[in-house]
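Engineer: Next comes the sequence, and after it the predicted model I'd like to discuss.
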Amino acid sequence: MRAYVEEDKCISCGLCTGICPEVFEFNAAGKAEAVADTTEANAAAVDNAIDSCPVRAIREEE
Ligand code: SF4
C-alpha cells in the first residue's frame, strides 16, 4: 500500500507529518507528500494520519 496526498486539498496543517513523519513530509510547495510505502510497521500510523486529516486529502492505494 502507498499513501497519496491530494496537494490541492492539503492545507499544510502538519497533522500527518507529525503523526507519521516516516511517510509524510512537506514538499517544496509546503504541501504534505507521502515519501515512503506503507509497511506493517507504520500502517497504524498511516491510518491514523488518514483519519486525522481535517480535509480528507490523504488516500491509500494498492
Ligand atoms: S493532515 Fe491533511 S491537510 Fe494536514 S498536512 Fe497532512 S495532508 Fe495536509
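Structural biologist: Looks like it arrived, so ask away.

Engineer: I would like the residues contacting stretch 37-54, please.
Structural biologist: Contacts to stretch 37-54, defined as C-beta atoms under 8 Å, 6 or more residues apart in numbering, come from residues 1-3, 11, 13, 15-16, 19-20, 22-24, 36, 58-60. For glycine as for every other residue, the C-beta is placed from the backbone atoms N, C-alpha and C.

Engineer: List only those of those flagged as buried.
Structural biologist: 3, 15-16, 19-20, 23-24, 58 (16 or more other C-beta atoms under 10 Å).

Engineer: show me which of those residues neighbour the ligand.
Structural biologist: Applying C-beta under 6 Å from any ligand atom to the buried ones among the contacts of stretch 37-54, one finds that 15-16, 58 fall near the ligand.

Engineer: Just those residues: which are in helices?
Structural biologist: 15-16 (DSSP state H).

Engineer: want to throw the ones next to the ligand among the buried ones among the contacts of stretch 37-54 into JSON lines with pLDDT?
Structural biologist: Putting these into JSON lines (pLDDT from 0 to 100) gives the following:
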{"residue": "Leu15", "pLDDT": "98"}
{"residue": "Cys16", "pLDDT": "98"}
{"residue": "Ile58", "pLDDT": "98"}
